[in-house]
Each structure stands twice: as C-alpha cells, then as structure tokens.
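Chemist: requesting a structural model of the entry that follows:
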Amino acid sequence: MGSVFRKTYTKPLPAGAEVVEKSGQRVARWRVRGKLRTAPLAAPGAGPVRVLIEGRTYFAKYRDHAGALVTRPTGCKDEQAARQVLAKWEREVEQIKAGTLDRKALDTARLSTAPLEQHLAAYERSLVAAEVSDTYRANVLRAVRRVAGECSVSTPADLRREAVEDWLAARIGEGMSARSRNYYRESLIAFSNWCVQSGRLGAHDLDRIPKADQKSDPRRQRRALTEHELRRLLAVAAERPLLDAKTVRRGARRGEAVAQLKPETEARLRAAGRERVLIYKTLVLTGLRKNELATLTVGQLDLTEGAAFLQLDAADEKSREGNAIAIRDDLAADLRAWLGEKLSAVQAVARETGAPVPESPPGNDLLFVVPDGLIRILDRDLKAAQIPKRDDRGRTVDMHAMRTTFGTFLSKTGAAPRVAQAAMRHSDIKLTMGVYTDTRLLDVRGAVENLPALPLPGGTVPRPPDADGRSGAVNGLEKSSSGALAPPLAPLPGRPGQIPSSGGNTGQTDGLQIARQEIDVSAIAGNEKPSLTATVSEGLVLQQVGLIGFEPTTSWSRTKRSSQAELQPVASIVRLCYRPAHQSQ
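Modeler: Take a look at the predicted model:
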C-alpha cells in the first residue's frame with residue numbers, strides 16, 4: 001500500500017517570531033496578516049535557528065510494476081483527493097503487471113501533460129547536442145514559446161491543429177508574411193516531432209496545417225546588381241570613409257570635404273575603405289553568406305596562384321558540411337595584397353614595442369572585421385553610388401543580394417546548372433535557378449539569337465526590277481499581268497494543300513527560286529548558327545517553284561516522301577555543291 005504526505009522544508013525564523021514550548025516541543029510563533037502561525041523548529045545546527053514548513057500539496061509514495069519505490073506529486077491540497085490519485089496509480093500498476101495496459105503508452109500520456117517549459121528545456125538540450133547554430137536554436141524556441149503563450153498552451157497535449165490555425169489566420173490580418181507564418185508552422189512541427197520521437201507525445205496533426213503560399217505573398221525579393229552597378233559601388237565604398245570624415249557637417253562650408261585630418265587618420269580610413277571593398281568583392285565572387293565571411297580566418301585560405309580556395313568550417317556553414325570554395329585569381333591576388341598590408345602593420349608595431357616580429361599573419365586571425373551594421377553601411381554606399389535600393393519590380397538590394405548576384409552571374413556566364421548549384425552549395429537546384437537567379441540580368445535576347453536559323457519557305461527573293469523599276473516579287477508573291485499579287489504556284493494535283501518546301505538559301509537560277517526534295521537542319525554545337533545542308537538519295541532534283549503559306553510538318557517527313565510524279569516539270573535541273581549533314585561544322 002502506498003501513502004500520501006506533505007513534504008517539509010526549512011526556512012529562516014520569520015521576523016518578529018517568538019520561540020515557545022508547546023506540548024514539550026519548541027515551536028516558533030508569529031503573525032501573518034493578523035493570523036497566528038506556528039511551526040516547529042528544525043533540528044539545532046551550527047547556523048541560525050530555522051523552522052520546519054510543511055508543503056501545501058500532497059505527494060504519493062508507492063511501488064511501480066518493477067518494484068521500484070516511486071514518489072510523485074499529486075498536485076492535490078486535499079488529503080482525500082490525493083489518496084484517490086494514489087489509488088488510480090496503484091490500479092495502473094496492477095494492470096501493467098497483468099498485461100492489460102501498455103506501460104510505454106501510459107508513460108507517454110503522463111509526459112504529455114507535464115508543463116511545457118519542462119519539455120522545451122529538454123528540447124533545447126537536444127538542439128545543443130545536435131550542434132545546430134545558436135541563431136536557429138534561439139529562433140525556434142522563441143517561435144514555439146510565442147505560439148504557446150498566445151494560444152494558452154501549457155502542455156504538449158494542448159498543441160492542437162485548430163488552435164494553431166486560428167493563430168496563423170489572425171496573423172494574416174496583422175500583415176505577417178507567408179514566409180514568417182511558415183516559419184512558425186515549421187518550428188511547431190519540429191518541436192512536436194521531437195516530442196513524439198522522445199516519447200513525450202503520442203501523435204500530433206500539426207503537419208496537416210496547410211503551408212502559406214510564399215510565391216503569392218513575397219515580402220523580400222532580392223535583385224542582382226549589374227556589373228556597372230558593382231563597379232560604382234566598389235568605387236564609392238573605397239572613398240566614402242575618408243570622404244565622410246573630411247566633410248564639414250555645419251557652418252558656412254557645410255557639405256564640403258575640406259576638413260583637415262592627421263596622416264595616420266587618413267591611412268586608417270583608407271584601409272577601412274579598402275577592407276569594405278574587399279568584403280563586397282569577396283561576397284559577390286564567392287557566394288559566401290555574411291556570417292560565413294565574418295567567421296573566416298586567415299588559416300582557412302589557400303591563395304596559391306591558379307588554385308586558390310577557402311575551406312569553410314562545418315560549424316560556421318549553414319549546411320554544416322564544411323565545403324571548399326574556389327577563389328578567382330584576381331580576388332586571390334587582392335587578398336594576398338591585403339594580408340601583406342596587415343602583416344606589415346603588425347610587424348611595424350612589433351618593432352616599435354620590441355616584440356617578436358611575425359613572418360606571416362596568425363592563422364586564427366579573422367580575414368575581415370565585418371561590422372554588425374554592415375547592412376546600414378551598404379545602404380549608405382548604395383545611396384552615394386546612386387544605385388536604387390528597390391527597383392521597379394519591388395526587389396531590393398541587401399547583404400544577401402550579393403549571393404543572388406553571384407548566382408545570377410554564374411547563369412549569365414553560361415555555367416551549367418549543376419555547376420552553379422555546386423558553387424552556390426544548394427541541395428535543391430530550384431533554389432539556384434529560381435530564387436538566386438535574377439532573370440532580368442540574363443542575356444535572353446542573345447540566347448534566342450543563337451537558336452538555329454529556320455528560313456520560311458517562299459521568303460522574299462531579290463529579283464531583277466521590271467522595266468518600270470519595280471521589283472518583280474514581294475514576299476514570295478509574283479505580280480500578275482493585271483498588276484495584282486498572286487501565288488506563283490497552285491497546289492499540287494493529287495495532294496491538295498501540299499506544296500513542296502524550299503531551302504530558302506540553296507541557290508537560284510535566272511531569278512527563279514530553287515527547291516529540293518528534302519532539307520535537313522544540321523545541329524551545331526556551341527553558339528554557332530547552323531547551316532542548311534541538302535541530303536539526297538539517288539541524285540538531287542531541283543525545281544523552280546514559288547511557295548506561299550505554311551507547310552504542314554508531315555508533308556516532307558523522312559517516313560513519307562513525295563514522289564517525283566507529284567512535282568511540276570522544271571525548266572532546268574541544277575546541281576548544287578553541298579556538304580552532307582554529318583560533315584557540317
């Protein structure tokens with residue numbers, strides 16, 4: 001049989017309390033809001049006198065199905081209610097022993113009703129063990145706590161789909177973006193999944209909450225900077241620290257860059273401008289994220305000419321993979337010069353102080369000192385360079401837009417999609433080709449111009465002018481004796497509406513267009529325009545024909561060739577010098 005009891009604890013003797021004897025026992029007596037309170041004294045010790053205080057709720061003590069002694073809080077202030085709870089737990093023990101009750105399901109049910117903060121503390125320890133970033137851990141816990149607080153969720157079992165959907169619907173009215181709503185949804189699902197996996201929750205239905213459509217509700221779409229804009233930005237970023245320091249802020253010469261600075265101050269400001277330019281250039285040419293660049297050290301660089309790269313630490317990378325990133329030779333040269341300048345400054349200080357002179361920069365030194373307010377600095381640089389922060393599409397430029405620019409340049413320069421995906425370190429090609437590629441900067445016109453040339457049958461053919469100086473053909477139509485434009489050839493007999501195709505550029509005789517039986521368009525690798533080549537079997541027979549309209553795609557297919565009986569008699573037979581399709585360039 002189990003028992004119920006109240007736990008006791010000690011506390012210092014209350015102020016104004018007096019110690020008296022009652023029934024042969026020493027007790028303390030004092031008043032709280034006019035009511036007299038008494039409590040026995042704790043066992044005397046070396047310290048000050050303390051009193052024994054009894055807890056307000058009852059605990060239960062019993063043996064579980066394995067025979068272990070268990071002490072659990074009942075949460076009851078009434079002893080009779082506490083005994084009823086104890087009796088329930090003892091019946092559960094008997095059912096588990098008899099095999100009529102699943103112990104794991106019972107433990108899960110009990111844990112699901114434990115305070116939410118108890119589970120969140122364990123969840124945070126789990127995220128620390130999983131080595132997720134501090135930012136992610138803080139954000140996901142903040143999201144769960146906000147929803148729990150505003151939905152009156154006190155236990156994991158209180159996380160219900162209806163309550164969360166109502167909360168998300170209310171956020172729509174407040175103007176919360178679809179992306180933010182999806183983040184709250186995903187954070188709650190991640191926490192609930194962990195509760196299920198750790199046996200703290202039997203099941204949940206939060207994953208049935210529909211995702212918000214981020215494409216129809218974009219709040220922050222980034223654009224890529226053009227090459228011209230980047231040059232202007234780098235030029236301004238290099239000079240603005242010094243220019244701002246020289247600019248007079250008040251007085252008659254307000255706005256003029258005439259302030260006198262010390263030489264060492266000017267040198268420091270020029271170095272700050274050079275560092276800012278290198279930060280921008282490194283972000284654009286490597287695709288690094290701001291946080292990744294901020295943690296990059298000198299020892300992670302290999303600036304060997306022709307094979308330069310940087311090695312990210314897995315702990316500092318978003319994907320936690322620790323990728324190697326190639327560095328352009330010109331950027332590697334700039335970084336070598338930058339490290340050389342830093343080393344010279346350190347060596348000069350060491351000589352002045354008498355410290356050992358280093359021969360190379362320490363490997364654990366940061367490559368750049370990336371300021372926390374870099375986005376505000378970028379905004380000022382954009383304004384000084386007269387580069388709009390937001391374009392006509394509503395797309396903005398921020399620090400992450402440097403990564404968008406990197407991805408766009410990869411596509412613009414003809415990099416294969418898989419190569420661009422690897423350079424961007426994306427697990428999904430849709431991110432590379434969709435989100436991180438600004439289609440406005442792509443040379444779509446040039447790509448279209450590189451498509452194969454397909455002259456239409458019956459196109460305009462230059463002809464000798466008439467006696468009155470007017471051309472004899474207009475867009476493939478000949479003038480009749482009455483002066484009206486008429487088709488030069490009627491449909492063929494036996495095949496209404498079918499007119500032989502013409503190569504358009506195969507040649508001409510006496511001003512008449514030459515057509516052949518079959519034209520193949522040869523595919524040419526690269527960006528060269530393909531040529532039209534003629535392939536014939538058993539001789540090449542050409543006709544003088546004129547064409548109008550469009551030819552059905554099946555009239556001259558390889559599987560259905562027109563017979564020579566269907567062709568009109570020709571005035572002459574001309575043999576063309578041609579190059580077979582398999583020998584085309």
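
Chemist: where does pLDDT dip in the stretch 1-150 of the chain?
Modeler: Within the stretch 1-150 of the chain, the stretches with pLDDT under 70 are 45-46.

Chemist: what about the strands in it?
Modeler: Under the criterion DSSP state E, counting those that start in this stretch, the stretch 1-150 of the chain contains strands at 3-12, 18-22, 25-32, 35-40, 50-63, 69-73.

Chemist: roughly how far does the nearest residue to residue 146 once chain neighbours are set aside sit from residue 363?
Modeler: Computed as CB to CB, 6 or more residues apart in numbering, the closest residue to residue 146 that is not its neighbour in sequence is residue 184, at 7.6 Å. Any C-beta I mention is one placed from the backbone N, CA and C, and that applies to glycine too. With distances taken as CB to CB, to the nearest Å, residue 184 is found 41 Å from residue 363.

Chemist: of these two, which one has the most company?
Modeler: Higher neighbour count among residue 184 and residue 363: residue 184, with 22 against 10, using other CB atoms under 10 Å.

Chemist: the more buried one: which element?
Modeler: Following DSSP states H and E, one finds residue 184 within helix 178-197.

Chemist: neighbours around residue 65, how many?
Modeler: Counted with other CB under 10 Å, residue 65 comes out at 15.

Chemist: what's the neighbour count on the nearest residue to it once chain neighbours are set aside?
Modeler: Nearest residue to residue 65, sequence neighbours excluded (CB to CB, 6+ apart): residue 96, at 4.3 Å. Close neighbours of residue 96, defined as other CB under 10 Å, add up to 16.

Chemist: enumerate every residue touching residue 96.
Modeler: In this structure, residue 96 makes contact with 65, 103, 106, judged by CB atoms under 8 Å, 6 or more residues apart in numbering.

Chemist: what about it, distance to residue 111?
Modeler: Separation of residue 96 from residue 111 (CB to CB) stands at 16 Å.

Chemist: same question, residue 404
Modeler: Taking CB to CB, one finds residue 404 at 45 Å from residue 111.

Chemist: one more: residue 83?
Modeler: In terms of CB to CB, residue 83 sits 24 Å off from residue 111.

Chemist: for the stretch 251-400 of the chain, which segments count as strands?
Modeler: Using DSSP E, counting those that start in this stretch, strands in the stretch 251-400 of the chain cover 301-302, 309-311, 324-326.

Chemist: among the contacts of residue 96, which ones are in helices?
Modeler: Using DSSP state H, the subset of these located in helices is 103, 106.

Chemist: mind giving me CSV with the contacts of residue 96 and columns for distance to residue 15?
Modeler: Output for the contacts of residue 96, formatted as CSV (distance: CB to CB, whole Å):
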residue, distance to residue 15
65, 49
103, 50
106, 47
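
Chemist: list just the nearest of the contacts of residue 96 to residue 177.
Modeler: Lowest distance from residue 177 to the contacts of residue 96 (CB to CB) belongs to residue 106, with 42.7 Å.

Chemist: so what's the residue nearest the centre of the chain closest to, chain neighbours aside?
Modeler: In the chain, the centroid-proximal residue (CA atoms, centre = their mean) is residue 431; its distance is 6.6 Å. Among residues not flanking residue 431 along the chain, residue 424 sits closest, at 7.3 Å (CB to CB, 6+ apart).

Chemist: tell me the contacts of the closest residue to residue 270 other than its chain neighbours?
Modeler: Using CB to CB, 6+ apart and skipping residues adjacent in sequence, the residue nearest residue 270 is residue 242, 5.8 Å away. Residue 242 makes contacts with 261, 266, 269-270, 273, as judged by CB under 8 Å, 6+ apart.

Chemist: swap in residue 10?
Modeler: Residue 10 makes contacts with 42, 50-53, as judged by CB under 8 Å, 6+ apart.

Chemist: in the residues you listed, which residue is surrounded by the most others?
Modeler: Counting neighbours by other CB under 10 Å, the top entry in the contacts of residue 10 is residue 51, with 22 neighbours.

Chemist: give me whichever of the strands of the stretch 1-150 of the chain is most buried.
Modeler: Neighbour counts (mean count of other CB atoms under 10 Å) averaged over each of those peak at strand 50-63, with a mean of 16.

Chemist: now find how far off-centre that one is within its chain.
Modeler: In this view, strand 50-63 has its centroid 54 Å away from the chain centroid, taken as CA atoms, centre = their mean, to the nearest Å.

Chemist: now do stretch 150-164
Modeler: Chain-centre distance of stretch 150-164: 30 Å, with CA atoms, centre = their mean.

Chemist: compute the first-to-last residue distance for it.
Modeler: End-to-end distance for stretch 150-164: 10 Å, by CA to CA, to the nearest Å.

Chemist: and the contacts of it?
Modeler: Contacts to stretch 150-164, defined as CB under 8 Å, 6+ apart, come from residues 111-116, 119, 147-148, 166-167, 185, 188, 192, 195, 200-201, 204-206, 208-209.

Chemist: same check, this time on stretch 208-221
Modeler: For stretch 208-221, contacts defined as CB under 8 Å, 6+ apart pick out 161, 164-165, 168, 177-179, 181-182, 185, 393-396, 398.

Chemist: now which of those residues would you call buried?
Modeler: Listed as buried from the contacts of stretch 208-221 are 164, 168, 177-178, 181-182, 185, 395, 398; burial here means 16 or more other CB atoms under 10 Å.

Chemist: let me know the closest of those to residue 456.
Modeler: In terms of CB to CB, no member of these lies closer to residue 456 than residue 395, at 39.2 Å.

Chemist: contacts only, for the nearest residue to the closest one once chain neighbours are set aside.
Modeler: Leaving out its chain neighbours, the residue that sits closest to residue 395 by CB to CB, 6+ apart is residue 223, at 3.7 Å. Residues in contact with residue 223 (CB under 8 Å, 6+ apart) are 391, 393, 395-397, 401, 404, 438, 440.

Chemist: in CSV: those, plus distance to residue 218.
Modeler: Output for the contacts of residue 223, formatted as CSV (distance: CB to CB, whole Å):
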residue, distance to residue 218
391, 14
393, 10
395, 9
396, 11
397, 15
401, 14
404, 14
438, 14
440, 15
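
Chemist: picking that back up, residues contacting the residue nearest to residue 146?
Modeler: For residue 184, the contact set (CB under 8 Å, 6+ apart) comprises 143, 146-147, 168, 171.

Chemist: just the closest of those to residue 281, please.
Modeler: Closest to residue 281 out of the contacts of residue 184 is residue 143 (35.8 Å), distances taken as CB to CB.

Chemist: next one, pLDDT for the closest residue to that closest one other than its chain neighbours please.
Modeler: Excluding its sequence neighbours, the residue lying closest to residue 143 (CB to CB, 6+ apart) is residue 187, at 3.8 Å. pLDDT, residue 187: 96.

Chemist: check contacts around residue 187.
Modeler: Applying CB under 8 Å, 6+ apart to residue 187 gives the contacts 139-140, 143-144.

Chemist: which of those residues are buried?
Modeler: For these, a burial check counting by 16+ other CB under 10 Å picks out 140, 143-144.

Chemist: quick one: buried residues of stretch 189-208?
Modeler: If you call a residue buried by 16+ other CB under 10 Å, then stretch 189-208 has these buried ones: 189-192, 194-195, 200-201, 204, 206.

Chemist: give me the phi and psi for residue 370.
Modeler: With angles defined as degrees, to the nearest 10, residue 370 sits at phi -90, psi 110.
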